[in-house]
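Peer 1: dropping the sequence and predicted coords here.
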Amino acid sequence: MMLEISNLKFSYKNKEIFNQIDFNLESNEILSILGPNGVGKTTLLKCINRILRPQGGSILVENQDIMNIKRIEIAKKLGYVPQRNETVRITVFDAILLGRKPHIKWDVSNKDISLVNSAMKKLNMEDLSLRYLDELSGGELQKVGIARAIVQEPKILLLDEPTSSLDLKNQQEILYLLSEIVDGHDVSVIMTMHDINSALRFSDKFIFLKGGMIDSVGGHDIITPKLIKEVYGVDVYIKEHDGYPFVIPVGRKNNGAY
């Protein structure tokens, strides 16, 4: 088992964000965390990465409790890409190279350089190599963060809304790249998503959060109009397209009534 989470609890200033979070993740799986705004999707990612410390429960990565290992060891197991990346005055190449920090002992190696060049090539970023971060668009910054996490060579990639700042072409590029990484390496992905249909197309497993707890967890078979209504409060149709379920909101008629 790549990841096992049991009875995870987190509160902020006496406000409970979530409770009794239980799920696991196998190697070579992509899992999407879904749910409306404010249910704790980003907070859950930060707890898994020990950016935030939960008040209860356990998080095991390859049978190791991340609460009991050093930060540098966590960085070798978990790569985290936030929604927003800092725009310090360094080049794109150097920013991505920082992802190798947990592995560099004395000096930057040829392997480190090769991994950075390879990540930039996969993300079509070679022409940005010597640009400074504060000169980039939001979408370009997002790609830098993803490239930095990739060169980190973690066992699990944690991505918070990885396509939120990207146009349609780059959204597809990133999601296909994540699929290729999972298929070709001993890696798993957990990502928060607002776009349900993109999640359904590119993910193997889904967690729907509601009211501080997991409403449902499972594969494509759990996706039903009843589930979407329960979690989002929206009536939808579920149609199959290209072998995947596709969520279509019910149109409004008769002056706003469904």
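Peer 2: It's in.
Peer 1: strands of the stretch 151-258 of the chain, residue ranges please.
Peer 2: In the stretch 151-258 of the chain, the segments counted as strands under DSSP state E, counting those that start in this stretch are 156-160, 188-192, 205-210, 213-218, 236-241, 244-249.
Peer 1: now mean pLDDT, mean neighbour count and distance to Gln83 too, for those strands, in CSV please.
Peer 2: Just so you know, the C-beta spots here come from the backbone N, C-alpha and C atoms, and that holds for glycine as well. Below are the strands of the stretch 151-258 of the chain laid out as CSV (pLDDT from 0 to 100; neighbours: other C-beta atoms under 10 Å; distance: least, C-beta to C-beta, whole Å):
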stretch, mean pLDDT, mean neighbour count, distance to Gln83
strand 156-160, 95, 23, 5
strand 188-192, 95, 25, 9
strand 205-210, 94, 22, 17
strand 213-218, 92, 16, 22
strand 236-241, 91, 13, 26
strand 244-249, 91, 15, 23
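Peer 1: distance to Ser129 added to these, as TSV?
Peer 2: Formatted as TSV, the strands of the stretch 151-258 of the chain follow (distance: least, C-beta to C-beta, whole Å):
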stretch	distance to Ser129
strand 156-160	22
strand 188-192	25
strand 205-210	35
strand 213-218	41
strand 236-241	38
strand 244-249	36
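Peer 1: so for Tyr176, which of these sits nearest?
Peer 2: Between Tyr176 and the strands of the stretch 151-258 of the chain, the tightest spacing by C-beta to C-beta is seen for strand 188-192, at 12.5 Å.
Peer 1: packing partners of the closest one?
Peer 2: Packing partners of strand 188-192 (3 or more C-beta pairs under 8 Å, 6 or more residues apart in numbering; DSSP states H and E): strand 30-34, helix 41-48, strand 156-160, helix 168-184.
Peer 1: and for the last one, what are the contacting residues?
Peer 2: Which is helix 168-184. Helix 168-184 is contacted from outside by 28-30, 122-124, 139, 142-143, 146, 150, 157, 159, 162-163, 166, 187-189, 191, 195, 198, 201-202, using C-beta atoms under 8 Å, 6 or more residues apart in numbering.
Peer 1: can you give me the angle that helix makes with strand 30-34?
Peer 2: Relative orientation of helix 168-184 versus strand 30-34 (axes from the mean of the first three to the mean of the last three C-alpha atoms, to 10 degrees): 130 degrees.
Peer 1: pLDDT averaged over helix 168-184 - what is it?
Peer 2: The pLDDT scores in helix 168-184 average 86.
Peer 1: return the distance of it from the chain's centre.
Peer 2: With C-alpha atoms, centre = their mean, to the nearest Å as the basis, helix 168-184 stands 12 Å off its chain's centre.
Peer 1: give the buried residues for that helix.
Peer 2: For helix 168-184, the neighbour count (16 or more other C-beta atoms under 10 Å) marks 170-171, 173-175, 177-179, 181-182 as buried.
Peer 1: got the CA coordinates for that helix in CSV?
Peer 2: The C-alpha coordinates for helix 168-184 follow below in CSV (Å, rounded to 0.1, in the frame of the first residue of the first chain):
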residue,chain,number,x,y,z
LEU,A,168,-7.6,24.4,-22.0
LYS,A,169,-4.5,23.2,-24.0
ASN,A,170,-2.2,23.4,-21.0
GLN,A,171,-4.8,21.7,-18.7
GLN,A,172,-4.9,18.7,-21.0
GLU,A,173,-1.1,18.8,-21.3
ILE,A,174,-0.6,18.6,-17.5
LEU,A,175,-3.2,15.9,-16.9
TYR,A,176,-1.9,13.7,-19.7
LEU,A,177,1.6,14.2,-18.3
LEU,A,178,0.5,13.1,-14.8
SER,A,179,-1.1,10.0,-16.3
GLU,A,180,2.2,9.2,-18.1
ILE,A,181,4.2,9.7,-14.9
VAL,A,182,1.9,7.3,-13.0
ASP,A,183,1.9,4.7,-15.8
GLY,A,184,5.6,4.8,-16.3
